[in-house]
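> Need the 3D shape of this:
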Amino acid sequence: MSLEASSIIHASRHYDRAGLKAQAFRTALAGATESRRVGARSEQFELLRRAIDNLPPGLPEIEKAEVYSAYSDAAGEIERHDESRRAALLAQGAYLAAGRPDKAAEQQLNLWSSKGKNVAPTDEQISELNEMRDGIAALPPTDDTGQFERIIVYLRAATLIDASRFDEAQADVEAVRELATRAGDREILLEADLLEERINVLTGRSPTTMPAGFAAARAARDAGFESTGVTGYRNITIVAARVLDYDTAKRALAEGLLYADAIEASHCRQQMAVTRAHIAWAEGHWDEADGMARQELVERGCRIGGLSAMETIGIVAATRGEADVARRWLGHRRLAIIDLHGGEQPMGNEDGSVWTVCNGEIYNFREMRRELEQRGCRFKTRSDTEVLLHAYAAFGDDFVRRLNGMFGFALWDARRRRLTVGGRVQWIGDRSDADFTSAT
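Presented below is the predicted three-dimensional model:
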């Protein structure tokens, strides 16, 4: 915490002890505003908490709502999700009491954001965004409701990309670009550029070096659009790593981590740092990858970052042939996409002789499941991971070439006393597939 912020908090406490709650409140609030301006997020959070502790009696509901809303935003930005949710609900109530149902509706975004960071299923996130847009459509149009609609459409496009529903995401990008152009909203226009670059790279229409993405992230950073800039760098890093362009990912990391540290963006910083650890593993720097991933387990971040760090530690162990260590780190860490309740891991075959953990998504698992059922295989779940197990039994070591998707796995065959680590990247567009396996 800076000396200036410490002095403001000290002054606020002095007023509080003297019974001057109004002065304590105003001092802390002014300090929080200045901390926000210079990107000192932790200081802003502490000062807003101080302001809330000293809410003066008789404060108008609209002012109370704005303080709770700012506190919810600040808490979410430093991964204090429980506090963010509580403050968002208090802000909703105060906005409604002040006769501002439009601003009350906006608080749903903070509630939605905290669920997403805790790995809520993408279908559930998209459904909630649709409900929010329906709710805002029922309110009288204002500048605030217009901005809220643009944010909702942008977030839905981003979530559709995460779900690999690229055509729907592209339609939302075009819609939000039109809305932002009419409103003269430069920040959302840069968001649209970043979204479109992700879609184009993942569908094979743009080079993986992502020049348009870098341009948009830098423009957002230079314009002071902190969230757009740091999220842009994070997503460039993740997409580049996903398509195995590690040089581009490392260029984004060099700029993005520096920026994330400067503005205390812990959520994006952690995800970039974990991606850096995964790249170190891919390039054979196993000790470095393991150390970086373990460091991220103790850093403040979100559940996604923690799970990804555990996964990297497990993959490093699996690559080294440390099967028991790999199972300990990889077991139950997978982000469930299909069959949320039946896809628990590690998953074994009928007699317990083969076990696997898998992360990612197998796109053609339904077709492969039908083929395997015709061969006499019997399934106990709807999970794509079980398809991987039966495909290994049916097709042997070459099974991975029959599966399309973006996924990685570790598979232990007890009879052969062999651990196989592998994966597959399914390029969409005019590119060839890439797959890899390593057995020990």
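> Tell me, how many residues neighbour Arg86?
For Arg86, the neighbour count with other CB atoms under 10 Å is 15. Every residue, glycine included, has its C-beta placed from N, CA and C.
> From Gly76, how far off is it?
Counting by CB to CB, to the nearest Å, the gap from Arg86 to Gly76 is 11 Å.
> what bits of the stretch 251-400 of the chain have low per-residue confidence?
Regions of the stretch 251-400 of the chain meeting the criterion pLDDT under 70 cover residues 300, 331-345.
> same question but for the stretch 1-150 of the chain, I mixed them up
Counting by pLDDT under 70, the stretch 1-150 of the chain shows low-confidence ranges at 1-19, 39, 117-119.
> So what's the residue count around Ala262?
Other residues within reach of Ala262, judged by other CB under 10 Å, total 13.
> Ramachandran angles for it?
Ala262 adopts backbone torsions of phi -60, psi -30, taken as degrees, to the nearest 10.
> next one: Gly360
Reported as degrees, to the nearest 10, the phi and psi values for Gly360 are phi 110, psi -150.
> and the spatially closest residue to it that is not a sequence neighbour, bridged to which residues?
Taking CB to CB, 6 or more residues apart in numbering, and ignoring the residues beside it in sequence, Gly360 has Phe407 as its nearest neighbour in space, at 3.0 Å. As for beta bridges, Phe407 partners with Gly360, Arg424 under DSSP bridges.
> Pretty sure Phe407 sits against Cys358.
Yes: checked against CB atoms under 8 Å, the pair Phe407 and Cys358 is within contact range at 5.9 Å.
> contacting residues for the residue nearest to Gly360?
The neighbourhood of Phe407, defined by CB atoms under 8 Å, 6 or more residues apart in numbering, consists of Cys358, Asn359, Gly360, Glu361, Ile362, Asp384, Gly423, Arg424.
> For those residues, which entry has the maximal number of neighbours?
Counting neighbours by other CB under 10 Å, the top entry in those is Cys358, with 27 neighbours.
> my read: that one touches Gly405, true?
No: contact criterion CB under 8 Å: Cys358 and Gly405 do not qualify, at 9.9 Å.
> Would you indicate which residues of the longest helix belonging to the chain are buried?
With residue count as the measure and DSSP state H as the assignment, the chain has helix 143-162 as its longest helix. Of the residues in helix 143-162, those buried under the neighbour-count criterion (16 or more other CB atoms under 10 Å) are 145-162.
> Extract the C-alpha trace of that helix and format it as CSV.
Extracted as CSV, the C-alpha positions of helix 143-162 are listed here (Å, rounded to 0.1, in the frame of the first residue of the first chain):
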residue,chain,number,x,y,z
ASP,A,143,-27.6,5.9,-22.0
ASP,A,144,-27.1,3.5,-19.1
THR,A,145,-29.3,0.8,-20.4
GLY,A,146,-27.7,1.2,-23.8
GLN,A,147,-24.2,0.7,-22.3
PHE,A,148,-25.5,-2.3,-20.3
GLU,A,149,-26.8,-3.9,-23.4
ARG,A,150,-23.5,-3.5,-25.2
ILE,A,151,-21.6,-5.1,-22.3
ILE,A,152,-24.1,-8.0,-22.2
VAL,A,153,-23.7,-8.7,-25.9
TYR,A,154,-19.9,-8.5,-25.7
LEU,A,155,-19.8,-10.9,-22.7
ARG,A,156,-22.1,-13.3,-24.4
ALA,A,157,-19.9,-13.3,-27.5
ALA,A,158,-16.8,-14.0,-25.3
THR,A,159,-18.6,-16.9,-23.5
LEU,A,160,-19.7,-18.4,-26.8
ILE,A,161,-16.1,-18.4,-27.9
ASP,A,162,-15.2,-20.2,-24.7
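> For the remainder of this discussion, apply numbering that starts at 24.
New numbering, starting at 24: the last item is helix 166-185.
> Name the residues that touch it?
Contacts to helix 166-185, defined as CB under 8 Å, 6+ apart, come from residues 125-126, 128-129, 132, 135, 139, 145, 148-149, 152-153, 155-156, 159-160, 162, 189, 191-192, 195-196, 198-199, 202-203, 206, 208, 211, 214-215, 218, 221-222, 225.
> Buried ones from those, can you make that a ChimeraX selection?
Buried members of the contacts of helix 166-185 can be picked out in ChimeraX with the line below, counting by 16+ other CB under 10 Å:
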select :125,126,128,129,132,135,139,145,148,149,152,155,159,189,192,195,196,198,199,202,203,208,211,214,215,218,221,222,225
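> Among the contacts of helix 166-185, which ones are in strands?
Judged by DSSP state E, the contacts of helix 166-185 include no members of strands.
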